[in-house]
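Participant: Got a predicted model here, sequence first, then my questions.
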Amino acid sequence: MKSILRVIVFVPLALIILFFSMANRGSVRIGLDPFAPSDGSGPSFEAPIFLVVLASMAIGVLAGGISSWLGHLSVRRAAKVARAEARKTRVEIDKLRQQALASLPADKRVKSG
């Protein structure tokens, strides 16, 4: 099921990226110095426009993912503490159950299976 869903999603996405790249092969000059005059004397390079657009999108997705991951650190930390407390509680319940069963008279004990 997952493989079919992947094909349904990723094949059209790959085709869209491919067609976009083929339609936008022209070069564009990318300036790296925001304070340089507009005559292009500052550091710059030329790249195909599709590469600039796709790289910008990839950087945006990466920045959003990192931001989301950092924003959820406190939630993950709280979940880790809650799991540890639940584990301790289960161990304590098992110990108390064994103690309670051991304190019962032999004829009242029920075998658990």
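Facilitator: The structure has been received and is ready for your questions. Residues are numbered from 1 along each chain as shown.

Participant: hang on, Val28 packs against Phe45?
Facilitator: No - assessed by Cβ atoms under 8 Å, Val28 is found out of contact with Phe45, at 9.9 Å. In this view, the C-beta of every residue, glycine as well, is placed from N, C-alpha and C.

Participant: Could you name the helices and strands sitting against the helix or strand encompassing Ser21?
Facilitator: Following DSSP states H and E, one finds Ser21 within helix 2-23. Contact analysis of helix 2-23 by 3 or more Cβ pairs under 8 Å, 6 or more residues apart in numbering; DSSP states H and E lists helix 49-71 as its packing neighbours.

Participant: quick one, which of Val28 and Phe45 is more surrounded?
Facilitator: Looking at Val28 and Phe45 with other Cβ atoms under 10 Å, you find the greater number of neighbours at Val28, namely 14 against 10.

Participant: so that one sits in a helix?
Facilitator: No - assessed with DSSP: H, G, I helix; E, B strand; the rest coil, Val28 is strand; it does not lie in a helix.

Participant: dump the residue contacts of the nearest residue to it once chain neighbours are set aside.
Facilitator: Computed as Cβ to Cβ, 6 or more residues apart in numbering, the closest residue to Val28 that is not its neighbour in sequence is Ile49, at 4.8 Å. Taking Cβ atoms under 8 Å, 6 or more residues apart in numbering, we find Ile49 in contact with 24-28.
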